[in-house]
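>>> give me the fold of what follows.
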Amino acid sequence: MYFYLKDTKAEKKTLIYFKYKNGSEKRFVYSTKVKISPKDWDFQAKFVKSKKGRTDLYILAKKISVYLDFFKRLDSHYEINNEKLTHQKLTIEFEDNFNKKKKKSILSVADWFDILIDEKRKPNTKTHTKYIKAKESLIQYAKSKNKELTFDLFSDFTDFPKFMYKQYNYNDNSLSRHFGYIKTFLLWTYKRKLHD
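Below you'll find the model as predicted:
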């Protein structure tokens, strides 16, 4: 893990990025949204230069250190809980912490469903299977409408019960339980500010 500049030869200020690579995992890159002139950057230490009397550089160093400190706490938390800190989870954690106003996710609805299944349910249990079926039914429902599975799809969801009756031969009780899993998912994603 280290910081690097977007444009090392820039004459003006350029963005500072945080990078982390863990084995075969896709490298994680995140913009700190902090800019600096390359002449004030220590390329060997991969950090802001320390110059006497330059309080502006001290402030920049403190700003980007927040990202490194957050990563270290996160890495420690996942290690203690014996969980793997994947690229996908890093993206979610960093977005939740540093980009709270952002509502549009770079992950798909299916991706978020997979994360909920992974985080909240034990594999190979009945409940785990029900969540997978809920996700698959939403994917098939979106396909039946020739649309992508996005959160916007839930704004016009009135014909979903009819689709489930026809496609899966659900009765009222089965459909009610099925809706319960979808509702849990929507509440979980709502708390993450992914939709209104």
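>>> state the mean pLDDT of stretch 19-26.
Average pLDDT, stretch 19-26: 80.
>>> CA atoms only: put it into PDB for me.
Provided in PDB are the C-alpha atoms of stretch 19-26 (Å, rounded to 0.1, in the frame of the first residue of the first chain):
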ATOM      1  CA  LYS A  19      -3.100   2.100  -4.000                       C
ATOM      2  CA  TYR A  20      -3.200  -1.400  -2.400                       C
ATOM      3  CA  LYS A  21      -2.500  -4.800  -4.000                       C
ATOM      4  CA  ASN A  22      -3.200  -8.100  -2.200                       C
ATOM      5  CA  GLY A  23      -1.900 -11.200  -4.000                       C
ATOM      6  CA  SER A  24      -4.100 -12.200  -6.900                       C
ATOM      7  CA  GLU A  25      -6.800  -9.700  -6.000                       C
ATOM      8  CA  LYS A  26      -7.400  -6.800  -8.400                       C
END
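>>> touching that stretch from outside, list them.
Applying C-beta atoms under 8 Å, 6 or more residues apart in numbering, the external contacts of stretch 19-26 come out as 1-4, 27-30, 71, 85-87, 90. Every residue, glycine included, has its C-beta placed from N, CA and C.
>>> what's the ChimeraX syntax to select whichever of those residues are buried?
ChimeraX command restricting the contacts of stretch 19-26 to the buried ones, with burial defined by 16 or more other C-beta atoms under 10 Å:
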select :3,28,30,71,85,86,90
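>>> Serialize the contacts of stretch 19-26 to a markdown table and add fields for distance to His178 and secondary structure.
Compiled in a markdown table, the contacts of stretch 19-26 are given as follows (distance: C-beta to C-beta, whole Å; DSSP: H, G, I helix; E, B strand; the rest coil):
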| residue | distance to His178 | secondary structure |
| --- | --- | --- |
| Met1 | 42 | coil |
| Tyr2 | 47 | strand |
| Phe3 | 47 | strand |
| Tyr4 | 47 | strand |
| Arg27 | 38 | coil |
| Phe28 | 35 | strand |
| Val29 | 38 | strand |
| Tyr30 | 37 | strand |
| Phe71 | 38 | helix |
| Leu85 | 32 | coil |
| Thr86 | 28 | coil |
| His87 | 31 | helix |
| Leu90 | 32 | helix |
